[in-house]
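Asks: how would this look folded up:
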Amino acid sequence: MEANSGESTIDAYQDRFVAYADILGWSSATQIGEIKTLVETLKSIEDYANNLSPLVKEALKKSQGIPERLIREHDGIEFSFFSDCFAVSAPASSGQVVFKTLAFASHELLRKGFLLRGGVTIGSLYHKQRTLFGPALVEAVEIEKKDAVVPRFLCSKQLIQFLDHTDYKNEVVLLDCCGSWVVNISM
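Replies: Next up, the predicted model:
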């Protein structure tokens, strides 16, 4: 399979920003019967994800007066929730939205008493609706498992190199006390 920056097809990866997040404390909460909190939390995440659903994307395409650029950007954003984890991705050309999504999710989950830990990178990925796989996801998961250690979204070197060529790097990432680049969730 070969990476491309065009429309996702079943036989091609896209160059995408991808964030993988682990919701800390979720497994423990399922064991102690925090069902109401878990359902409320899932509902808030589901409501956010529904804004990225195929139905909403199709409705936007048919709407009058919405710039084509915004329709394309929205159409490329994908969100998948599974167990105590989620992933969000977007084409590299509109990757800034991944950081906004992480900030939103961090604030929402913190209100419910959960912290997040994750990895963010850029690379080859297939992500359409709830189906996602590819080398970039593997890397993001490895960053979360091996390097993130504490609640934060740790960024890959490739992502920082990409961001060095943008005008929004200083808004979306910052250096932590250990000298690692992390997502700025205070956006």
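Asks: mind showing which ranges of this structure have poor pLDDT?
Replies: Within the chain, the stretches with pLDDT under 70 are 1-11, 32-34, 42, 45-46, 48-61, 63, 65-75.
Asks: show me where it has helices.
Replies: If DSSP state H is used as the criterion, the helices of the chain fall at 26-31, 35-50, 54-62, 68-76, 96-111, 135-142, 157-163, 169-172.
Asks: thinking Tyr20 is in contact with Gly118, fair?
Replies: Yes: in this structure, Tyr20 is within contact of Gly118 by C-beta atoms under 8 Å, at 5.4 Å. Where you see a C-beta, it was placed from the backbone N, CA and C, and this is true even at glycine.
Asks: okay, and the common contacts of these two?
Replies: Common neighbours of Tyr20 and Gly118 are listed as Ala140, Ile143, Glu144 (criterion: C-beta atoms under 8 Å, 6 or more residues apart in numbering).
Asks: out of those, which are buried?
Replies: Applying a neighbour-count criterion of 16 or more other C-beta atoms under 10 Å, the buried members of those are Ala140, Ile143, Glu144.
Asks: ok, now which ones touch the last one?
Replies: Read it as Glu144. The contact partners of Glu144, taken as C-beta under 8 Å, 6+ apart, are Tyr20, Ala21, Asp22, Arg117, Gly118, Gly119, Leu154.
Asks: if I look at Asp147, how far off is Gly25?
Replies: 20 Å (C-beta to C-beta, to the nearest Å).
Asks: Then Leu38?
Replies: Distance from Leu38 to Gly25, counting by C-beta to C-beta: 11 Å.
Asks: Dump the helices of the chain to JSON lines, plus distance to Ala87.
Replies: Below are these laid out as JSON lines (distance: least, C-beta to C-beta, whole Å):
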{"stretch": "helix 26-31", "distance to Ala87": "15"}
{"stretch": "helix 35-50", "distance to Ala87": "11"}
{"stretch": "helix 54-62", "distance to Ala87": "17"}
{"stretch": "helix 68-76", "distance to Ala87": "14"}
{"stretch": "helix 96-111", "distance to Ala87": "10"}
{"stretch": "helix 135-142", "distance to Ala87": "7"}
{"stretch": "helix 157-163", "distance to Ala87": "15"}
{"stretch": "helix 169-172", "distance to Ala87": "18"}
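Asks: tally of neighbours for the nearest residue to Asp147 once chain neighbours are set aside?
Replies: Among residues not flanking Asp147 along the chain, Leu154 sits closest, at 5.5 Å (C-beta to C-beta, 6 or more residues apart in numbering). By the criterion of other C-beta atoms under 10 Å, Leu154 has 24 neighbours.
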